[in-house]
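Chemist: what's the 3D shape of this:
(chains A and B)
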Number of protein chains: 2
Amino acid sequence: MRIAVEELARTLAGILIARGMDEGRAELCARLFAETDRDGVYTHGVNRFPRFVKMIDAGAIDAHAAAACAARMGSLERWDGARGPGNLNAHACMARAIALAREQGIGCVALAHTTHWMRGGSYGWQAADAGMIGICWTNTLPNLPPWGGRAPRLGNNPLVVAVPRSKGHVVLDMAMSQFSYGALAAHRKRGELLPVEGGFDDDGKLTRDPAAIERSQRPLPIGYWKGSGLSLALDMAAAMMAGGLATHRIPADPEREIGVCQMFVALHAAVFADAEAIADGVIASLGGVRYPGERVLRIREENLARGVPVDDTTWSEVQRLASG
Amino acid sequence: MRIAVEELARTLAGILIARGMDEGRAELCARLFAETDRDGVYTHGVNRFPRFVKMIDAGAIDAHAAAACAARMGSLERWDGARGPGNLNAHACMARAIALAREQGIGCVALAHTTHWMRGGSYGWQAADAGMIGICWTNTLPNLPPWGGRAPRLGNNPLVVAVPRSKGHVVLDMAMSQFSYGALAAHRKRGELLPVEGGFDDDGKLTRDPAAIERSQRPLPIGYWKGSGLSLALDMAAAMMAGGLATHRIPADPEREIGVCQMFVALHAAVFADAEAIADGVIASLGGVRYPGERVLRIREENLARGVPVDDTTWSEVQRLASG
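Modeler: Predicted coordinates for the structure are as follows:
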């Protein structure tokens, strides 16, 4: 079925308000979920909402906690997320990085003790909509073996780089594993091999069989040793700047993945009059090859017009949450 | 043969001084080349020096030009590299980003109209030695097809992330192609296949044959579509912030690769007393798996003690430059 974006947002907000969340915060939190579906990132929108509510009900996420500044040095701030809702915390920190960049050209907020930010790309779009280049990343629970190791000591640590452009922002939102566990499951269910090697099987051989990788729990970092190194560096930088937990200290259970660290950097691109033309020149030079974020605008238009696709099971689950 | 690091630096500096370069600048430029060999990055040390001198003699690199601030907004600056020596320009801009971060927590310098920075990792070590997390990247001439295209419209745009740690910095220095053309040639000469697929052959099939990739000029971005997107975003961000040339406007001839853009970001990690222990905890959690930069310290120690390995041909070429 398809549900109008506004109806979806209203329904989710109602569920949060019923749990005592402040109305303004509930509306923003619900809007961030609904806009994730609107933009076609169905893994992290309404499909993730029941688990999000479950974690609130279990006390893992504190619905009432808001991120706050813990230390400041010029254009750099450390914030404490206090286990609040991850998308609200992340949105507040990118908003603050943007405000710092408006004053100082560049702003950085390092956030500790927060929870899953859901779609990382949301905060890239937020920065780009403000005329900023936005760079943000998060660490995660351990789910990726380092190159040269077998145990999942690294996180897949998604990295977002957003470049503003009035004809369509470029928004890259990529995890450090070649395929997420969600993507592996989706391929397995369709009975398809992965388009490229995605991890190791139990014998330590590279494979395109998604089930073999789910069994071994050894997905492949992008670029082998390169993505492994980048994941490590991103984890260290986020935890050190935020003063919070690095991946190896985050519980390996998705329902207890709390205390993660995130970095939000905004660069005031729009202050330079020539930036827009430079961006347009690069996109024109691609000769029609698709850029990251390009498809989102078309999906967004369609989903705004027709409503977002929601499967029956998820919608029933949401309805149950709304009525009880 | 092995040449003492100090002798190597003195010899290279003499060659630059003979070409009219200011003595202090010549010594720093030569030291950056010699330290690249000292640290075991033999592709971008003395082996690149003859080409560097050739580009000075041809007027492509202006030995007398120094990078200077062109625009400032708080902690963000735009610098103009004026086609000066790439390693001097990059060193000056990272030094400036570090100074800004000392005042403001974070500093960013965007550099336009510069030339090849040689070893990108140098500026990562520079930042880490100052107690900073250093993040820098450069765009390059077009040498990498975007995912979904055949022509090399992207650059391999090396990205450096350096994390300071008194027991040994973590310094990641990685290009967006899985293997550099230098690595492809080295494998071909040894008659070896690549350890993993490194690009496409002329038929558009992924291959581990280095010669096939050299022929097709279609190396693979790390993580396929992911590295392709990251390369694009890094190019756009550097060119837009610096106000300079994006990859598609940079001449595709290595000896005329001038006018590139670079970004230098420093984050004042050392200001936080807990950062060091967090970094040590992450490294300990790897259980002995090697981190980026770990090997450099051992190679450095050996090369300082025994001199750096230089092959006879290169050393004869350097001697010729020194005597004429």
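Chemist: Please make it C-alpha for all contacts and neighbour counts, starting now.
Modeler: Fine.
Chemist: So A:P251: helix, strand or coil?
Modeler: Secondary structure assignment for A:P251 (DSSP: H, G, I helix; E, B strand; the rest coil): coil.
Chemist: Burial check on the residue nearest to it when sequence neighbours are not counted, number of neighbours?
Modeler: Residue nearest to A:P251 in three dimensions, not counting chain neighbours: A:E257, with 5.6 Å by Cα to Cα, 6 or more residues apart in numbering or on different chains. Close neighbours of A:E257, defined as other Cα atoms under 10 Å in any protein chain shown, add up to 20.
Chemist: now do the one 5 residues further on
Modeler: Other residues near A:Q262 number 35, with proximity taken as other Cα under 10 Å.
Chemist: residue contacts, it?
Modeler: Shown in contact with A:Q262 (Cα atoms under 8 Å, 6 or more residues apart in numbering or on different chains): A:A90, A:A110, A:L111, A:A112, A:T114, A:C136, A:W137, A:T138, A:N139, A:A238, A:A239, A:A242.
Chemist: now swap in A:A128 and tell me
Modeler: Per Cα under 8 Å, 6+ apart, neighbours of A:A128: A:G134, A:A162, A:V163, A:P164, A:R165, A:H169.
Chemist: Now restrict those residues to buried residues only.
Modeler: A:G134, A:A162, A:V163, A:P164, A:R165, A:H169 (16 or more other Cα atoms under 10 Å in any protein chain shown).
Chemist: filter the contacts of A:A128 down to the ones close to chain B.
Modeler: Of the residues in these, proximity to chain B by Cα under 8 Å from any Cα of the partner chain holds for A:A162, A:V163.
Chemist: Return the member of the contacts of A:A128 nearest to A:Q217.
Modeler: Of all the contacts of A:A128, A:A162 has the smallest distance to A:Q217: 30.5 Å, by Cα to Cα.
Chemist: And the closest one, how close does it get to A:R208?
Modeler: Separation of A:A162 from A:R208 (Cα to Cα, to the nearest Å): 30 Å.
Chemist: next one: A:P309
Modeler: Taking Cα to Cα as the measure, A:P309 and A:R208 are separated by 29 Å.
Chemist: And for A:K226?
Modeler: Distance, A:K226 to A:R208, by Cα to Cα: 20 Å.
Chemist: Looking only at neighbour counts, state which of those two leads.
Modeler: When A:K226 is set against A:R208 and neighbours are counted by other Cα under 10 Å, the residue ahead is A:K226, at 24 against 19.
Chemist: coming back round to it: dump the contacts of A:A128 to CSV, plus pLDDT and secondary structure.
Modeler: Shown next, in CSV, are the contacts of A:A128 (pLDDT from 0 to 100; DSSP: H, G, I helix; E, B strand; the rest coil):
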residue, pLDDT, secondary structure
A:G134, 98, strand
A:A162, 98, strand
A:V163, 98, strand
A:P164, 98, coil
A:R165, 97, coil
A:H169, 98, coil
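Chemist: Can you name the two of the contacts of A:A128 that sit furthest apart?
Modeler: A:G134 and A:R165 (12.3 Å).
Chemist: who's in contact with the one helix or strand A:A284 maps to?
Modeler: Assigned by DSSP states H and E, A:A284 falls within helix A:275-285. Helix A:275-285 is contacted by residues A:164-166, A:269-270, A:291, B:153, B:236, B:239-241, B:243, B:245-248 when judged by Cα under 8 Å, 6+ apart.
Chemist: What residues sit buried inside the following helix or strand past that helix?
Modeler: Once the chain leaves helix A:275-285, the next helix or strand it forms, by DSSP H and E, is helix A:294-306. For helix A:294-306, burial by neighbour count (16+ other Cα under 10 Å) applies to A:V296, A:I299, A:R300, A:N303, A:L304.
Chemist: Now render those residues as CSV, adding distance to chain B and pLDDT.
Modeler: Below are these laid out as CSV (distance: Cα to the nearest Cα, whole Å; pLDDT from 0 to 100):
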residue, distance to chain B, pLDDT
A:V296, 15, 97
A:I299, 19, 98
A:R300, 20, 98
A:N303, 25, 98
A:L304, 26, 98
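Chemist: Out of those, which is nearest to B:P146?
Modeler: A:V296 (19.1 Å).
Chemist: Can you give me the neighbour number for the closest residue in space to that closest one that isn't next to it in sequence?
Modeler: Of all residues not flanking A:V296 in the chain, A:D39 sits nearest, at 5.5 Å (Cα to Cα, 6+ apart). Neighbour count of A:D39, defined by other Cα under 10 Å: 23.
Chemist: Contacts only, for A:D39.
Modeler: Contact partners of A:D39, counting by Cα under 8 Å, 6+ apart, are A:V296, A:L297, A:I299, A:R300, A:N303.
Chemist: residues in contact with the fourth one?
Modeler: What it means is A:R300. Shown in contact with A:R300 (Cα under 8 Å, 6+ apart): A:R38, A:D39, A:G40.
Chemist: Pull the distance from stretch A:257-264 to the chain's centre.
Modeler: On the basis of Cα atoms, centre = their mean, to the nearest Å, stretch A:257-264 sits 11 Å off its chain's mean C-alpha point.
Chemist: Could you list the buried residues of that stretch?
Modeler: Going by neighbour count (16+ other Cα under 10 Å), the buried part of stretch A:257-264 is A:E257, A:I258, A:G259, A:V260, A:C261, A:Q262, A:M263, A:F264.
Chemist: Would you mind checking which of the contacts of A:Q262 is nearest to chain B?
Modeler: Chain B lies nearest to A:A239 out of those, by Cα to the nearest Cα, at 6.9 Å.
Chemist: Spatially nearest residue to that closest one (excluding sequence neighbours)?
Modeler: According to Cα to Cα, 6+ apart, the nearest residue to A:A239 is A:A246 (5.2 Å).
Chemist: you'd agree that neighbour is up against A:I258?
Modeler: No: with contacts counted by Cα atoms under 8 Å, A:A246 stays clear of A:I258, the gap being 11.3 Å.
Chemist: For whatever helix or strand A:A26 lives in, which helices and strands make contact with it?
Modeler: Using DSSP H and E, A:A26 maps to helix A:23-38. With contacts taken as 3 or more Cα pairs under 8 Å, 6 or more residues apart in numbering or on different chains; DSSP states H and E, helix A:23-38 sits against helix A:5-18, helix A:86-104, helix A:294-306, strand A:308-309.
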